Each structure stands twice: as structure tokens, then as C-alpha cells.
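In: sequence first, then the predicted structure:
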Amino acid sequence: MSANVRILRPQDQTRFARLGDWLVDLASNRLLRGERELRPTPKAMAVLRQLMLAAGAPLTRAELLDTVWRDAYPTDDVLTHAITELRRAIEEDPKAPRHIETIPKVGYRLLTPVEWLEQLPGPPGQAADVPAAVTESRPEPPMRRPTALWVVIALLLLTAVLAPTIGNRGSIATGPGTRNRLLEQVTLPVRPVTAENDSETFPSISPDGTLVAYMTRYVDDDAPRIYLRGLSGSPPIRLSRTNGGEETYPVWSPDGSQIAFLRLSGDECRIVVIASLGGRERDVAACEPRNIDYFDWTRDGRALIVSRRRAEENAPPAGEEAKSLHLIVLDDGKITPLKYATNSHLPDIQPRMSPDGKYIAFRRGAVPYSDLHLVAAEGGNVRQLTRLRSRMRGYDWMPDSRHLLVSSDHEGVQKLYLLHIESGELLGLGVAGASYPAISRGRSLAVFQQDSADINLQSFRFDAAPDASGEGIASSTRGEAWPAFAPNDDRLVFVSDRGGDSQLWLFEPGARTSYQLTHHKTADLTAPNWAPDGRRVLYVARSNGHSRLYSVEVDSGQTRAESEESDNVRFGIYSADGQSIYYISDRGGAWNIWQRSLDRNTTQRLSDATAYNLSDRVGDGKIYFSSMSRNGIYAIDPATGTEELISSAVEYWNSNAWRVDPTGLYYVAAGSDMKSMLYFEPWSGGPAKLLRIFDGVMPDAGFTLDKDATRVVMPVVARDDTDVMLLDLALLGHEETAR
């Protein structure tokens, strides 16, 4: 034990403790183990505190509810949710807990002894890690009049010296030349709105802050439906009584009288508008099927802002340009493109109009390399707001029309941030796993989606029935994705967070365990691909707003960078002879295919075509790729640069869900009842053959075939308990800024 740590008695005001191999900072809602830091919700930490103070004695559910939710009228679900959150955080196997025991018909107790500390331990001779106000060292920004919100934040930071309401200072993960800065984190009150054993997603809060619309599928539903629920705990009410198709992505009109949502059925998608109290539906327009076609209302409620391909006299042919912003007039359904500075290489999606109706924010770029941009409501020039190049899972305007609440993973984990649209400054809100925030226009409240799903790998044989169950591979209680068989099928590499963060892991058939290959810090790893000799694995690591290509030697675990410092890389493969690397980079301004010779260490661009994913496993010397702006699979000859359309089966939504080999094209398509289907399209011609039907697969997280194409390994959702959460924004003082 460090000499600067003194063991204390468990006093109620004590802040620090050791719980097994975890260090607990109660006041800042932090759990620490090595370099790993978790921030559970304040209520979950309050439950943990009570269990720690009980010193191993059981606490009844009533005692915990009365103490932690003293000023509320909670249901038992909120406590169950808190215990589940704690177990996911600190238990190695939440299904076999070692720390928190459930006592049937009684409550819970803590099995692990608690060691109370005066301060967190640090290396000998160093001060302990105690959060405090930090003096910033950064270039002096231009003088400007501070907004009321940032005055409030400054007061909060000053208060941090006296009371620990502010978390640790983090460093912004940004790309070169960015102007975004991350300020100290603020911890805001959070509580669950839903806590059923179902998945509730895409929440949208009413303008008056009393109701939440969301998507779920309850027991008697034929498909996912839109439900309404009051924040006071009222039971859910189904919005529409129309059957057939899947309903998703509800959005309230500015006056709260209507809700627009998407209805998807096979190859058809429609935008539907209905009164918020239910009633007759109005079919507004077609939308893009098989994915979420994001939209928003205009400030006057007379039109919707959508993302579409342009159909103008001087526009490129349909299918060859990126999407841009359009208006759909509700009265006549007329669709008109917004006249503004578009980017022919990158799509503009997920528009959100500011509450004052002056601006439209939108996301430019394909997942997971997006940034937020801003344009005036009438069009014109575009201003880039962020340079994070991150996976942005939703955002919304604050009522003052000067800040955005953003879900981003630029620090390695999906979290909420407050973005100042003028200065580009980011305020971390310390809410991990949060996505798709929606803010009430009239109250200091927001809702968001608390992601909680276990994704495991399963193997499906092609000689079994198309709908036969799969067999688990390298399963854990964490998430697995991006599987890739070695050339001889003797090993399988995949991405997993079972060690606490995203790393490459290796599984050998017949072995009982997997072992970790890489050891990156706060990086998101994707797209592993094997070298032809099976000795190295190529992959993409995304961190600090920058994505770079790496390789790891499987036997030694030694890694090295394979792309230039200036490259942002989306996907990479070894050539069939192992002498080159082909990868997709935006170093030329667009996402093009580049070739790097390993022996000469030279790099050249192969084509001006924009690409999303690529492969060369056919053996004919060509590179096969899917595009960001065109449907289909294309082949390019590296020697001549000639390209041709090979198949029209792949579109934007499944542009990562395909593989090729010498016999043909394998791709995932959308089926009925939310199922996915794997098809085989032979190079010799003839109709596509259905190989497998899947339920709950994640094809966008990659899949792999064995070398003889007898089976496929897919990421499958084993459990999804995603909930809708309520976030109290009162500490940010946004009502002051709205005046």
C-alpha cells in the first residue's frame, strides 16, 4: 500500500475506498482500475455507497429505494437497473457476481470487504489523484463576450474547489488543426425512464418536457412500434394502431401537436405524420429503406428537412453524388433541394434545425468518420463546427440555439458533450454509453438512449437449414465484432472490449480461452485482415480524431504503423502476394483507394472513385470495393485504373456487409420480420442463392467465411437491454441563455 494512504473508518462523508481491485471515488462517480476509468450514473453510485456503508450486511430493496430515491416515487425497476449497471461495471461475469449478491425476496449485500481511504493511492512520493480545478494551458482565444451558459460553467468550475461536483479534466481527442477544446466534466443528474427487459431506442421528448416517444417491441407487438410514456411514470401507450411494417425514429413537431416517424417494410419506407394524441395518419413521402433516414421539422412545422440525392438539371446522374439536404413541404409533398455548399464526396445527413429557426446543423461524412457542420436555414455557405472525425450517434440543439448536445466517441467511448457553436469548445458531461439525445424546448430536461447490448460471435454452417441456430465462438459477457479467419482457418481474430477497451483478440478452435493481441490506449479498433502467410494482421485504430492503419505480428504481439501520419484510413487489406497493402484514405481530400508497396515503401492512388470497403480475395488481380456514393460492388484493375460494375446487390446501408472469393459474391440483404439474409451470387451467373437467415445479426460489424465457404461467422446480438434515460440539464443554466 502507498505510504500516503491512511485507512479510515466507514464514515458517511468518506469519499475514497478500495473495493477488491477497484478504487472508488464516490463524490466524482468514478470507478478506477489501473488505467481504466468508469463513470456509472449518480444513482448507481449512490446504491454502491449504501452497500459499502452497510459493511456486508444485507439491505432490503425498500431501504435502498427509500435512501437513494428519497425525494422521488420510484418503481422497483430503477433499483434493478442500478444494480445491473454496477454489475456490468465491476463484475468480471455479471451473470456470476462476486461483489454484489442478490438475496431472494430480501435485497442485496456487498460480498467484498471495503477499505476506506483518506485519498486515492498514487506512486510513492507523488500526490494522490484528487480532482481539483485545473488551470488551462492553451493559446489565448480571441476576445468575445461570454454567453450566460459559459458564465454558469465558470461558476461551476469555481465551485469544484469547494465541493467535488466536477470530474477529472480530460484531454480532447482531436485531429491536427482542430479548434475544439474539452473543458472540465460536469456530472448531471440521470434517472431511467424505461427499465423493462426490452430494448427502448430513439427517444424523443415533447417540447413541454412531459412525454417521451420511443421505439420498442413489447410482447404482443407484431413489430417494433412507437410508444408514448409520461415522465411521471405512467404506463406506455402505443401511438399508432396501424399494423404492418416497423415503426422507428419518432420526432415531435415544434408545437408538440404532431409526431413524425419512419415506417419500414421490406424494400419500402414511408415518413408518416400523426397527431401526438393518436388518430388518423398522414403519409408524407418515401424514405430510404433498410436504415434510419434521419429528418427534422422546420421551425414553423410546415416542412421536414431530409437528406436526399439531388435531381436537378445540372446535378450528376442519380446514384453518383453524395446526399444533401432537402425540404419536404407537408401540404403537397414537394421535395426541394436546399441551395448551399455541398461536398460531392461526402454525404450530408441527420439535419437538426435550431430552436430559433435560423440554422440547420447536420452531420457530414459516413460512420464512423463524421463531423458537425452548420448552414443558415435559407442555405449558403457552410461552417464546420467540429473536427473530431468520430462516431456521432445523435445530437440536438439546446434551447438557446448556441449550443449542441452531442453523442461522440472521439475519446474512445460514446459519451455526451456540450458543444459551443461559436468557439468550438466541448464540455464533457460524463455520461458513458449515451446516444441519440433529445432536448425539451421548454424545460431543463433531455432524454437519451443508454446503450446496453451484448454482441457475441456465432458460427453458421451452410449445410444446415437456412434458419438453424448458430454455434457460439469465443463468447464472453462483453462485445465481440469484426471476426476474420486466418488463411488456413486455424485461428480467428476479432475485436472485443472484454479486457475493458477495444483490442484485437485471437481465438484458436479447440482452445478454451482467447488471448489479447494488441494493447492500444483509448482507441477504437476495426476491420482486421490477415496477411496471406497468416503471420500478421492488418487493422484500423481510431483515436484522437485520427484513424491509422496498423499491423500486429501474431506470434510476438509487436505492432507497427502501416500508413502515413497524415493518412486517415477507413479499411486496409494485404495484396494476394503479400507485397502490397491496399487501403482507403482521405489524404487526397476524398476517400480513395491507395496502394503501398511494402518493399519499396512507395504509395500511389489507384482511382478517383470514392470507396467504403475493399477486397482482393478473388485471385484475378483486381480490387473489389463498395462505394460511398454509388450502389453496387465495383472492380478496379490496379495496372490500368479501369473499373467496372460487378453487382448491384449492395447499397449504402449494407456497403460493409459483403465478401468475395474465387467463386462469387456473398452479401447480407434485408429480409422480413427484422431478419437478415446471407446470399451467394456466383461469378458464373445465375440467380443469387439464399444461404442463411439470421435473427439479430450485426453485419455492419463485419463477417468472415472459412476458406472453403462452408460456414460464416457473424456478430449476433445476444442481449439488448437498452433503456431511455432522463438527463436534468438545470446545472447548465440553459434556461438563462434562452432568455
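Out: Structure's in. What do you need? Numbering: from 1, shown residues only.
In: quick one, phi/psi of residue 335?
Out: For residue 335, the backbone dihedrals are phi -110, psi 120 (criterion: degrees, to the nearest 10).
In: show me how this protein divides into domains.
Out: In the domain annotation for the chain, the residue ranges read 7-117, 197-392+438-452+722-738, 454-718 (automatic domain parsing).
In: my guess is residue 324 contacts residue 338. True?
Out: Yes. Contact status for residue 324 versus residue 338: in contact at 7.1 Å, counting by C-beta atoms under 8 Å. C-betas here are computed from N, CA, C, even on glycine.
In: list the contacts of residue 412.
Out: Residue 412 sits next to 173, 501, 502, 522, 523, 524, 543 when contact means C-beta atoms under 8 Å, 6 or more residues apart in numbering.
In: same check on residue 640?
Out: Taking C-beta under 8 Å, 6+ apart as the definition, residue 640 has no contacts.
In: go on, residue 45?
Out: For residue 45, the contact set (C-beta under 8 Å, 6+ apart) comprises 26, 29.
In: and it, that's in a helix?
Out: Yes. For residue 45, which was evaluated using DSSP: H, G, I helix; E, B strand; the rest coil, the result is membership in a helix.
In: for the residue nearest the centre of the chain, helix, strand, or coil?
Out: The C-alpha lying nearest the average C-alpha coordinate of the chain belongs to residue 393 (C-alpha atoms, centre = their mean; 5.2 Å). What three-state DSSP gives for residue 393 is coil.
In: try residue 62
Out: In the three-state summary, residue 62 is assigned as helix, counting by three-state DSSP.
In: which pLDDT value goes with the closest residue to it other than its chain neighbours?
Out: Leaving out its chain neighbours, the residue that sits closest to residue 62 by C-beta to C-beta, 6 or more residues apart in numbering is residue 107, at 7.8 Å. With respect to pLDDT, residue 107 scores 88.
In: could you give the bridge partners of residue 107?
Out: With DSSP bridges as the criterion, the beta-bridge partners of residue 107 are residue 60, residue 103.
In: correct me, but residue 533 touches residue 488?
Out: No. Shown here, residue 533 and residue 488 do not form a contact pair, counting by C-beta under 8 Å, at 9.9 Å.
In: just checking, residue 593 touches residue 609?
Out: Yes. With contact defined as C-beta under 8 Å, residue 593 reaches residue 609; the gap is 7.2 Å.
In: pull up the overlap in contacts between these two.
Out: With C-beta under 8 Å, 6+ apart, residue 593 and residue 609 have common neighbours 625, 636.
In: of the two, who's got more company?
Out: Neighbours around residue 593 and residue 609, counted as other C-beta atoms under 10 Å, are more numerous at residue 593. The numbers are 22 against 18.
In: list the contacts of that one.
Out: The contact partners of residue 593, by C-beta under 8 Å, 6+ apart, come to 582, 583, 584, 605, 606, 607, 609, 611, 614, 623, 625, 636.
In: how close does the last one sit to residue 702?
Out: To tie it back to what came earlier, the one meant is residue 636. Here residue 636 is placed at a distance of 22 Å from residue 702 (C-beta to C-beta, to the nearest Å).
In: just the buried residues of stretch 88-102, please?
Out: For stretch 88-102, the buried set under the neighbour-count rule, 16 or more other C-beta atoms under 10 Å, comprises 88, 89, 90, 94, 97, 99, 100.
In: so what's the gap between it and the chain middle?
Out: Centroid separation for stretch 88-102 versus its chain: 25 Å, with C-alpha atoms, centre = their mean, to the nearest Å.
In: can you check stretch 650-668 too?
Out: Using C-alpha atoms, centre = their mean, the offset of stretch 650-668 from its chain centre is 23 Å.
In: stretch 353-367 too?
Out: Taking the mean C-alpha point of stretch 353-367 and that of its whole chain, the gap between them comes to 19 Å (C-alpha atoms, centre = their mean).
In: what of stretch 583-591?
Out: Counting by C-alpha atoms, centre = their mean, stretch 583-591 is centred 23 Å from the centre of its parent chain.
In: distance between the ends of that stretch?
Out: 10 Å (C-alpha to C-alpha, to the nearest Å).
In: what about the contacts of residue 412, which are in strands?
Out: Secondary structure defined by DSSP state E assigns 524, 543 of the contacts of residue 412 to strands.
In: would a markdown table of the contacts of residue 412 with neighbour count, pLDDT and distance to residue 47 be doable?
Out: Compiled in a markdown table, the contacts of residue 412 are given as follows (neighbours: other C-beta atoms under 10 Å; pLDDT from 0 to 100; distance: C-beta to C-beta, whole Å):
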| residue | neighbour count | pLDDT | distance to residue 47 |
| --- | --- | --- | --- |
| 173 | 23 | 34 | 31 |
| 501 | 18 | 81 | 25 |
| 502 | 24 | 87 | 28 |
| 522 | 16 | 79 | 28 |
| 523 | 22 | 85 | 32 |
| 524 | 22 | 87 | 30 |
| 543 | 18 | 82 | 33 |
